[in-house]
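> coords below, sequence missing:
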């Protein structure tokens, strides 16, 4: 399940999408920017956790940098759960592609690659 929360102008948006493993795999395939070399064996389809991880990475990569609270809000909206959003935030914090800097009162997550 994928939950999207936010607003369009003054209108609140709260959208829930139900997706099976095949849907997550197709979404993950669409988000991959670089194609693996032909000699690499085909990877197994992404499971839901792997797909969410790829989406979280792409979210930060495209933004370049986000404050911890802003990133957590987006991850919670993505996962539909505060706990799942926090797990992704911790995973990003420990990723070699991410640098966490002191941004005053809140940490700043910066994409490095």
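Now that the structure is in, tell me what you want to look at. What you are looking at is a predicted structure, and each value in this text was computed from that prediction instead of being measured.

> for the protein, longest helix please?
Counting by DSSP state H, the longest helix found in the chain is helix 48-63.

> Packing partners of it?
If contacts are counted by 3 or more Cβ pairs under 8 Å, 6 or more residues apart in numbering; DSSP states H and E, helix 48-63 sits against helix 21-31, helix 68-79, helix 82-93, strand 106-111. For glycine as for every other residue, the C-beta is placed from the backbone atoms N, C-alpha and C.

> bridging residues for residue 12?
residue 7 (DSSP bridges).

> Now do it against residue 79, distance only.
19 Å (Cβ to Cβ, to the nearest Å).

> ok, those two, which is more surrounded?
Counted by other Cβ atoms under 10 Å, residue 12 and residue 79 do not tie: residue 79 has more neighbours, with 22 against 9.

> That one against residue 3, yeah?
Yes: counting by Cβ atoms under 8 Å, residue 79 touches residue 3, with 7.0 Å between them.

> From residue 85, how far off is residue 61?
Taken as Cβ to Cβ, the span from residue 61 to residue 85 is 18 Å.

> Could you report the neighbour count for residue 58?
Using other Cβ under 10 Å: residue 58 sits among 15 other residues.

> How about residue 66: what's its closest non-neighbour residue?
Closest residue to residue 66 apart from its sequence neighbours, by Cβ to Cβ, 6 or more residues apart in numbering: residue 109 at 5.4 Å.

> which residues pair with that neighbour across the strands?
residue 66, residue 100.

> That one: what's it in contact with?
Residues near residue 109 by Cβ atoms under 8 Å, 6 or more residues apart in numbering: 60, 65, 66, 67, 68, 71, 92, 93, 98, 99, 100.

> Could you report the pLDDT at the residue positioned nearest the centre of the chain?
Centrality entry for the chain: nearest residue to the mean C-alpha point is residue 56, 1.1 Å, by Cα atoms, centre = their mean. Turning to residue 56, the model gives it a pLDDT of 91.

> give me the number of residues near the closest residue to it other than its chain neighbours?
Leaving aside its sequence neighbours, residue 56 sits nearest to residue 88 (Cβ to Cβ, 6+ apart; 4.5 Å). Residue 88: 24 surrounding residues under other Cβ under 10 Å.
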